[in-house]
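Chemist: What follows is a predicted protein model with its sequence.
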Amino acid sequence: MNRVKNHRVSPGKVRKFTALYVLLILLFTVTVVGTVSFIIVSEGPISNLFNPSEVTTEVEETLDGNTKKNVSIKNTGDTTAWIRAAVIVTWQDADGNVYGQAPVAGTDYAININVADENGWLKGEDGFYYWYMPVKSIQEDVNNCNTGILINECSYVANAPEGYYLNVEIIGSGLQSKPDSMFSEEWEPSSGLHIDEGKLVQKAE
């Protein structure tokens, strides 16, 4: 007659086994949670820690009676930029109303604008005047943050309509110079200018 042997497990061994089993479960859980946490952190959005550059400009000029002289544009932003300027000449009254007919250069007013074929102010196809190279910002170089002189002198000659006076407005604007694609995408299509070895040049016809 075969006897069946009964192996009795002591309570101490049961407790050790249970403790080990619980420890393994906890370790597995911590590992999984840690992995999930890592995935969440890794796949989450990365905050941009850099402040965007700001390009601002200021027109500098000398007024001598009814004559405007030595007009240039200052880069008052915080990064090197391309600079352009619009020159708008109108008849205006005391309330700022604009006369329907524009003054004629050489007849109603005299203006001397520095336009060059290269290495100076270039006139774009869009009517803006472009300084040929990037201009340092006032924060980068306080002594070299201006363009060259755009207008040497502009003055009234004759023929102002009654109640109106000659108004010469220069509007400067800037575009950060890096990367080069900024200019090629934003200003090149309308200006007819492009960058060649760090300078603006007219497109070859």
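Modeler: Thanks, I have the structure now.
Chemist: Now do the contacts for the nearest residue to W121 once chain neighbours are set aside.
Modeler: Counting by C-beta to C-beta, 6 or more residues apart in numbering, W121 lies nearest to Y129, which is 4.9 Å off, once chain neighbours are set aside. From N, CA and C alone the C-beta is placed, and that goes for glycine too. Counting by C-beta atoms under 8 Å, 6 or more residues apart in numbering, Y129 touches 84-87, 113, 115, 121-123, 150.
Chemist: Y129 bridge partners, please.
Modeler: Assessed by DSSP bridges, Y129 has beta-bridge partners A85, K123.
Chemist: returning to that earlier point: who wins for most neighbours among the contacts of Y129?
Modeler: For those, neighbours were counted using other C-beta atoms under 10 Å, and R84 has the most, 25 neighbours in all.
Chemist: Need the pLDDT of it.
Modeler: Model confidence at R84, given as pLDDT, is 98.
Chemist: And for F17?
Modeler: At F17, the model reports a pLDDT of 52.
Chemist: Can you name the residues that contact V168?
Modeler: Counting by C-beta under 8 Å, 6+ apart, V168 touches 68, 87-89, 109, 111, 154.
Chemist: Recalculate using a threshold of 7 Å.
Modeler: 68, 89, 154 (C-beta atoms under 7 Å, 6 or more residues apart in numbering).
Chemist: Next, the buried residues of the host helix or strand of it.
Modeler: Assigned by DSSP states H and E, V168 belongs to strand 165-176. The neighbour-count check on strand 165-176 (16 or more other C-beta atoms under 10 Å) flags 166-168, 170, 172-174, 176 as buried.
Chemist: Which of those residues sits closest to N97?
Modeler: Closest approach to N97 among the buried residues of strand 165-176 (C-beta to C-beta): N167, at 10.7 Å.
Chemist: Tally up the residues packed near the closest residue to the closest one other than its chain neighbours, please.
Modeler: For N167, ignoring the flanking residues on the chain, the nearest one in space by C-beta to C-beta, 6+ apart is Q92 at 4.2 Å. The number of residues packed near Q92 is 16, by other C-beta under 10 Å.
Chemist: Would you list the phi and psi of Q92?
Modeler: Main-chain dihedrals, Q92, degrees, to the nearest 10: phi -130, psi 150.
Chemist: so what's it up against?
Modeler: Applying C-beta under 7 Å, 6+ apart to Q92 gives the contacts 98, 164-165, 167.
Chemist: rewinding a little: okay if I get the contacts of Y129 as TSV plus distance to Q202?
Modeler: As requested, the contacts of Y129 are exported to TSV (distance: C-beta to C-beta, whole Å):
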residue	distance to Q202
R84	15
A85	17
A86	19
V87	19
I113	17
V115	12
W121	12
L122	7
K123	9
L150	18
